[in-house]
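J.: Kindly return the folded structure for what I paste below:
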Amino acid sequence: MYQLDAVDGRILLARDADTDAPLVEIAHRLGISRNTVHARLKRLREAEAVRPPSTAVSVAALGRPLLAFVTVAVSQGQIEAVYQALETIPEIVEAHTTTGDSDLMLRVVARDTVDLHRITQAIQLSPGVQRSSTSIATTEVFPQRLAPLLRHLAGSD
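T.: Predicted coordinates:
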């Protein structure tokens, strides 16, 4: 995996500050060449060190304001089948393997509790799923954030 450096951090923070800024403006603001900014951003995309812009879209704007976390216990011999089944459920926006009592942690978005029930039923009925547990998020204290880490990397904290 590509390891970001201070210059990458500064470029990404500048893009966060003004997502519409042209590369030449970012370069001028940071005191580096436009070609450097362009090459760095291209390398970050190619190395999949930055995620697609669609991941920044608010799920509430997609009509899915309800957020839930679902833990899933899986029959170990069927883990690949579970992955494939869960990937077909579009409301599962993130999935991670975990340690502890469960095997997977899913971030799920839904229209409302009735919709969430439909989604959790689809998860539970997936081949290889033994059991699941759902927790509904009630308040977002702060959204996913990486700027503090980027500022630290860039040496500006």
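J.: you'd agree residue 64 is in a helix?
T.: No: Residue 64 sits outside any helix when classified using DSSP: H, G, I helix; E, B strand; the rest coil, being coil.
J.: count of neighbours near it?
T.: 20 (other C-beta atoms under 10 Å). In short, each C-beta sits where N, CA and C put it, glycine included.
J.: I'd say it and residue 110 touch.
T.: Yes: the pair residue 64 and residue 110 qualifies as a contact (C-beta atoms under 8 Å) at a distance of 5.8 Å.
J.: shared neighbours, these two?
T.: residue 91 (C-beta atoms under 8 Å, 6 or more residues apart in numbering).
J.: Distance check, residue 151 against residue 51.
T.: Residue 151 sits 19 Å away from residue 51, going by C-beta to C-beta, to the nearest Å.
J.: Looking at the two, which one has more neighbours?
T.: Taking neighbours as other C-beta under 10 Å, residue 151 and residue 51 compare with residue 151 leading, 14 against 9.
J.: So for that one, what pLDDT did the model give?
T.: The model reports residue 151 with a pLDDT of 94.
J.: Need the phi and psi values for it.
T.: Main-chain dihedrals, residue 151, degrees, to the nearest 10: phi -60, psi -40.
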